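Participant: Give me the fold of what follows.
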Amino acid sequence: MSSNPPKSELPSLLKSCTGIKGLDEITNGGLPQGRPTLVCGAAGSGKTLFSMEFLVHGALSYNEPGIFMAFEEKAEELAINVASLGFDLNQLQKDKLLKLDHVHIERSEIEETGEYDLEGLFIRLGHTIDTLGAKRVVLDTIENLFSGLSNEGTIRAELRRLFDWLKEKKVTTIITGEKGDGTLTRHGLEEYVSDCVILLDHRVNNKISTRLLRIIKYRGSFHGTNEYPFLIDQKGISVLPVTSLTLSHEVSSNRISTGIPGLDQMLGGKGIFKGSSVLVSGTAGTGKTSIAGYFANQTCANGDRCVYFSFEESPTQIMRNMLSIGIDLRKHVDQGLLKFNASRPTLTGLEMHLLSVVRLVNEFKPSVIILDPITNLGMVGSASEVRNMLIRLIDFLQESGVTVMFTALAFNGYVNEQTDESISSLVDAWFLVRDIESNGERNRGMYVMKSRGMKHSNQVREFVISDNGLDLIDVFLGPDGVLTGSARKAQQLKEETGMVLRDHAVSRKDREIERKRMVLQSKINSLNDEFESVQEELNKTYIEEELRKEVAEKNRQEISRNRDGKQ
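Facilitator: Presented below is the predicted three-dimensional model:
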């Protein structure tokens, strides 16, 4: 009889957190600890900044001193270049948490001989590691070490020796390399000896710039394999790991008001679900932005935060226009409850817009965000690209419990793929505002195309925008169907006039009936009197006859008694 031996604990790969937002999530914990990582990309892709942020976060957040050995930029230049990100490299050097070392290499001084090696670099770098107690090292860029060499065998041997030496020193290393022609690096060798390879790409399509990051390989670890957008701004690098989407997020049964009582009434009187996604579509001038403004105002009035992303109008323009319908959004901005983010869609690519939304949501922690209008995103991407971007955004917001309202422009009054950017099947509620032209004027109508998980009206309501705000008027049916605008008012006046005339006619008929009733009542009274007189006369004759009979009977009895007495 045999038994299964107990499973032993398998060794796991140790990792060093980079501190770069999103990257540690993609790499499932960071870069391989004590091993070299190759970061490659074309000029301007962000390799140096990536490496520097890795060192700074290591020194400040994880107490791991680092060394930045540059073969191109001088230490003074590096300190100035990253100062805009809030990194004080000079202070870090004073605190002995960072060492900037510039190694000057002159190509003319490098000769390809059998004795060429990196022994001098090892001595210099090893001394600095031991002195500083460094745990992290950056070599920027490796091509400069071999700029004067063309023998592939020599380059391969020295590269392998360099990587092995770094592993022996047990330092987590980033080595940057320039992208080659058809290869990840200029020599095409570094990626084979690296334990982890990260590719940074800076693309420009239709004059729109997009930065993307991809992990080419990662020995001994699971990792994300897709392309991830990343953003470089005044706060450093942020990576957006929203690609592998799941449908496992929690949902809320709480309802929040849209700010329009009539619309809430169409949704069962309670509004939309908290954390849901809402699409408001319609032709130009139907009031989509006004609906979004009302929703933002209601959110802030409840004490919750809201972020308004505008792709057409400036914040001051939106706030001015909302005053015309009785909404003061500026007070919410002053209270810190409402934040505007206005930019043209062509400012960045779709991925950068997505990353900006995610970053602002994580920083501001709103309960509601508004994107007005998403149709303009079609200027920087195809319909499928916009759809994919919005799918990722919706999933991120639902996972975060944030309610989102999209506005979309419908063309020519038709509901087609362009109208809703193909996301109508993804959102939880869809409101359509349309023009209703009749009686020589243009009015607005609204109906609920869909609203998942709740009872909602299937009627078309007239949507009225006035100085008093937004209102949805109950359906008014005339002889020819639904009436709106002046036609509705004219029909209402007509019906009111008819009611007055009917009331007058009824009143006149009532008076005539009352007169006839009185005449008839008089006749009835006269007949009653006549009947009583006849009855009285008949009763008199009957009584007299009875009296005669009674008197005659008495007389007869008296005569009988008299006769008997005589005998």
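
Participant: Regarding the residue nearest the centre of the chain, what is its secondary structure?
Facilitator: In the chain, the centroid-proximal residue (Cα atoms, centre = their mean) is Val404; its distance is 3.1 Å. Under DSSP: H, G, I helix; E, B strand; the rest coil, Val404 falls in the strand class.

Participant: Surely it is in contact with Ile394?
Facilitator: Yes - Val404 lies in contact with Ile394 (Cβ atoms under 8 Å); the separation is 6.9 Å. For every residue, glycine as well, the C-beta is placed using N, CA and C.

Participant: got any residues that touch both of the two?
Facilitator: Counting by Cβ atoms under 8 Å, 6 or more residues apart in numbering, the common neighbours of Val404 and Ile394 are Ser277.

Participant: List the beta-bridge partners for the residue nearest to the centre of the chain.
Facilitator: On the basis of DSSP bridges, Val404 is bridged to Ser277, Ile369.

Participant: Tell me who's in contact with it.
Facilitator: 277-278, 368-371, 393-394, 397.

Participant: ditto for His102
Facilitator: By Cβ under 8 Å, 6+ apart, His102 lies in contact with 69-71, 73-75.

Participant: Considering the residues you listed, which possesses the most neighbours?
Facilitator: The most crowded member of these, judged by other Cβ atoms under 10 Å, is Ala70 (23 neighbours).

Participant: So in terms of bridging, what pairs with that residue?
Facilitator: His102, Asp140.

Participant: Look up how far Asn388 lies from it.
Facilitator: 39 Å (Cβ to Cβ, to the nearest Å).

Participant: One more: Gly282?
Facilitator: To Asn388, Gly282 is 24 Å away according to Cβ to Cβ.

Participant: ok, Met322 to Ile374 distance?
Facilitator: When Met322 is compared with Ile374 (using Cβ to Cβ), they lie 20 Å apart.

Participant: cool, and Glu77?
Facilitator: Counting by Cβ to Cβ - Glu77 and Ile374 are separated by 42 Å.

Participant: for this protein, longest helix please?
Facilitator: Looking across the chain with DSSP state H, the single longest helix is helix 485-566.

Participant: Rounded mean pLDDT for that helix, please.
Facilitator: Averaged across helix 485-566, pLDDT comes to 75.

Participant: Who are the packing partners of the helix or strand where Glu363 lies?
Facilitator: Glu363 belongs to helix 350-364 when assigned by DSSP states H and E. Under the contact criterion of 3 or more Cβ pairs under 8 Å, 6 or more residues apart in numbering; DSSP states H and E, helix 350-364 touches strand 208-218, strand 228-233, strand 306-310, strand 338-342, strand 368-372, helix 383-400.

Participant: now do 7 Å
Facilitator: With contacts taken as 3 or more Cβ pairs under 7 Å, 6 or more residues apart in numbering; DSSP states H and E, helix 350-364 sits against strand 228-233, strand 306-310, helix 383-400.

Participant: what's downstream of the second one, the next helix or strand?
Facilitator: What that stands for is strand 306-310. Past strand 306-310, the next helix or strand by DSSP H and E is helix 315-323.

Participant: Give the buried residues for that following helix.
Facilitator: Residues of helix 315-323 classed as buried: 315, 318-319, 322 (neighbour count, 16 or more other Cβ atoms under 10 Å).

Participant: about what we covered before: show residues contacting the helix holding Glu363.
Facilitator: 210, 229, 231, 238, 240, 242, 305, 307, 309, 339, 341, 369, 377, 380-381, 385-386, 389, 392-393, 396, 400, 402 (Cβ atoms under 7 Å, 6 or more residues apart in numbering).
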